[in-house]
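In: next comes the sequence, and after it the predicted model I'd like to discuss.
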Amino acid sequence: MSSLGKFEVLDHPLIQHKLTIIRDKNCGTREFREVVNEIAELMAYEVSRDMPLEDVQVETPITVTTKKSLAGKKVVIVPILRAGLGMVDGILELIPAAKVGHVGMYRDEETLKPVEYFVKMPENMESREIFVVDPMLATGGSAIMAVDALKKRGAVAIKFVCLVAAPEGVKALRAAHPDIDIFAAALDDKLNENGYIVPGLGDAGDRLFGTK
Ligand code: PRP
Ligand code: URA
């Protein structure tokens, strides 16, 4: 039986400060993009804290010794398109050898239900450490469908990493996938009648890519 995943808000002062910058409606595309990546990089440091290590022998200029090295297969970063793409480069700064899979999904504006349009993953997902990334966890529909798609392909060790989470989305994702860990930079108040997070930061995809 798999163990119960955790929900953690990573509220380091630098993360809080940077999140406030991108919440500002006057933050332009260029700065928004830069700061999203910076936050993702800071979050990756915490999210990777429990990555498994193994003993390896290393020869220093002085002697041979046994020290720790990351064990197992490489990390896979899985952005939920489009907005998740905004977090990939930041995480790659910290884990440059990570592979990147993609899940294409958009939220139908009427029903708020996610529609899947693309999935492309590396091989051997069952033995990899997977970080699903998306700036926004709103109703949770997109995250749930993305994790469904990954589990269908054999993935087991899955962490979901977002910038802003709504309580509704956290509850729904934990109910659908109780085994995965969820990390957010902030837990906001609620969803509004259009399914946007309040106070939130608006439409993350549009703000990242300059669309409307
Ligand atoms: C946004 C966001 C999430 C989703 C969250 O994507 O990036 O993927 O909405 O909402 P949910 O939790 O209610 O499913 P959107 O559908 O706007 O697509 P985009 O990234 O292409 O703009
Ligand atoms: N998707 C977004 O981009 N922002 C929200 O507030 C909710 C869903």
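Out: On my side now, so go ahead. Ligands and ions are numbered 1, 2, ... in the order given.
In: least confident secondary structure element in the chain?
Out: strand 102-107 (a mean of 92; mean pLDDT, DSSP states H and E).
In: check the secondary structure at the residue located most distally from the centre of the chain for me.
Out: No residue in the chain sits farther from the centre than I62, which is 41.1 Å out by C-alpha atoms, centre = their mean. Under DSSP: H, G, I helix; E, B strand; the rest coil, I62 falls in the coil class.
In: residue contacts, it?
Out: For I62, the contact set (C-beta atoms under 8 Å, 6 or more residues apart in numbering) is empty. (C-beta placed from N, C-alpha, C; glycine too.)
In: helix or strand for C27, which one?
Out: In this structure, C27 sits in neither a helix nor a strand according to DSSP states H and E.
In: residue contacts, it?
Out: I21, V35, R207.
In: what about the residue of the chain found nearest ligand 1, neighbour count?
Out: Nearest residue of the chain to ligand 1: G205, at 2.3 Å (C-beta to the nearest ligand atom). Close neighbours of G205, defined as other C-beta atoms under 10 Å, add up to 20.
In: start the count at 39, not 1, going forward
Out: With 39 as the first residue, the last one maps to G243.
In: now it: closest residue in space, sequence neighbours ignored.
Out: A121 (4.1 Å; C-beta to C-beta, 6 or more residues apart in numbering).
In: partner strands of the lengthiest strand in the chain, with direction?
Out: As assigned by DSSP state E, the longest strand anywhere in the chain is strand 195-203. Here strand 195-203 has these sheet partners by DSSP bridges: strand 167-171 (parallel), strand 174-175 (parallel), strand 219-225 (parallel).
In: hey, which of these is tucked in deepest?
Out: Most buried of the strands paired with strand 195-203, by mean neighbour count (mean count of other C-beta atoms under 10 Å): strand 174-175, with a mean of 28.
In: which neighbouring residues are in contact with the residue of the chain closest to ligand 1, exactly?
Out: Counting by C-beta under 8 Å, 6+ apart, G243 has contacts R120, A121, T249.
In: surely the first one meets D244?
Out: Translated: R120. No. Contact between R120 and D244 fails when scored by C-beta atoms under 8 Å: they sit 9.2 Å apart.
In: many thanks, I have nothing further to ask.
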